[in-house]
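K.L.:
Attaching a predicted model along with its sequence, questions to come.
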Amino acid sequence: EPEVTQTPSHQVTQMGQEVILRCVPISNHLYFYWYRQILGQKVEFLVSFYNNEISEKSEIFDDQFSVERPDGSNFTLKIRSTKLEDSAMYFCASSVYRRAMNTEAFFGQGTRLTVV
Amino acid sequence: RKEVEQDPGPFNVPEGATVAFNCTYSNSASQSFFWYRQDCRKEPKLLMSVYSSGNEDGRFTAQLNRASQYISLLIRDSKLSDSATYLCVVNYPGRRALTFGSGTRLQVQP
């Protein structure tokens, strides 16, 4: 069964450092997403990406964050200067494109980011 | 009012029991509805989409009540492996982002 894969599974970084989280979405999916979940809290939307550009973002996704699809398979989330409050589980997700309706998303296993 | 509201639980039930979860959503224009399951420190996994006519998948039944803006999930004949957090998820028209509830924790006991 096709799945979304994320690397690394766990990343520890010092405050102020840049991190890049990587994802390989399901191959025939055209919409890609990043979500995050702070420990003990709900899953929160960060950004969606379609046709090589951001299609939607939340207020969490500020100038510290950026996304990129550097090649035909990878989808990355960069945090430029990490803060303690960026510590969370980051989930990548993808979905097929359907013209007239929104569809379910399939999630990767997550990257646990710890900022120290 | 929270966009998607769920009873956090936990629901502690014996094996074989039937358990029901409800979820309410605030935006009446919401378009798509899902139940996801999340095990501790794992990713959300799609359990089922929720259709207006209601739908069933084995032991799981989902219902949507648009007039009252709530969604339900019924689990029959609970198994130990059903122990998890169940996430109610809503999609608003014109948006791809999913809005998650905080989840309802289920613990099935032997």
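P.N.:
In hand now; what should we look at? Numbers count the residues shown, from 1 in each chain, chains lettered A, B, ... in the order given.
K.L.:
Please list all residues in contact with the spatially most central residue of chain A.
P.N.:
For chain A, the residue nearest the mean C-alpha position is A:Trp34 (2.7 Å; Cα atoms, centre = their mean). Neighbour list for A:Trp34: A:Leu21, A:Cys23, A:Leu46, A:Val47, A:Val67, A:Leu77, A:Tyr90, A:Phe91, A:Cys92, A:Ala93 [criterion: Cβ atoms under 8 Å, 6 or more residues apart in numbering or on different chains]. Heads up, the C-betas are built off the backbone N, CA and C, glycines and all.
K.L.:
mind redoing it with 6 Å?
P.N.:
Contacts of A:Trp34 were listed using Cβ atoms under 6 Å, 6 or more residues apart in numbering or on different chains, and they are A:Leu46, A:Val47, A:Leu77, A:Cys92.
K.L.:
Read off the pLDDT value for it.
P.N.:
A:Trp34 is assigned 98 on the pLDDT scale.
K.L.:
Which strand or helix spans the residue nearest to it when sequence neighbours are not counted?
P.N.:
With sequence-adjacent residues excluded and distances taken as Cβ to Cβ, 6 or more residues apart in numbering or on different chains, A:Trp34 is closest to A:Leu46, at 4.3 Å. Applying DSSP states H and E as the criterion places A:Leu46 in strand A:44-50.
K.L.:
quick one: buried residues of that strand?
P.N.:
A:Glu44, A:Phe45, A:Leu46, A:Val47, A:Ser48, A:Phe49 (16 or more other Cβ atoms under 10 Å in any protein chain shown).
K.L.:
picking up where we left off before, give me the three-state assignment for the residue nearest to the centre of chain A.
P.N.:
strand (DSSP: H, G, I helix; E, B strand; the rest coil).
K.L.:
What separation is there between it and chain B?
P.N.:
11 Å (Cβ to the nearest Cβ, to the nearest Å).
K.L.:
In the sheet, which residues pair with that residue? Tell me.
P.N.:
Note on A:Trp34: beta-bridge partners by DSSP bridges are A:Val47, A:Cys92.
K.L.:
Same check on A:Phe75?
P.N.:
Going by DSSP bridges, A:Phe75 forms beta bridges with A:Cys23.
K.L.:
Next up, the contacts around it.
P.N.:
If you count contacts by Cβ under 6 Å, 6+ apart, then A:Phe75 has A:Cys23, A:Pro25, A:Phe32, A:Arg69 around it.
K.L.:
Can you report how many residues neighbour A:Thr7?
P.N.:
Residues lying near A:Thr7 (other Cβ atoms under 10 Å in any protein chain shown) number 14.
K.L.:
What does it show for phi and psi?
P.N.:
phi -140, psi 150 (degrees, to the nearest 10).
K.L.:
Without its sequence neighbours, what residue ends up closest to it?
P.N.:
Nearest one to A:Thr7, counting by Cβ to Cβ, 6+ apart, is A:Arg22 at 4.9 Å.
K.L.:
need the contact list for the one you found.
P.N.:
A:Thr7, A:Asn74, A:Thr76.
K.L.:
Which one of those residues is nearest to chain B?
P.N.:
Set against chain B, the nearest of the contacts of A:Arg22 by Cβ to the nearest Cβ is A:Thr7 (14.0 Å).
K.L.:
Does the residue nearest to B:Phe34 when sequence neighbours are not counted lie in a helix or a strand, and which?
P.N.:
Residue nearest to B:Phe34 in three dimensions, not counting chain neighbours: B:Val89, with 4.3 Å by Cβ to Cβ, 6+ apart. For B:Val89, the element it lies in under DSSP H and E is strand B:84-91.
K.L.:
Understood, closing this out.
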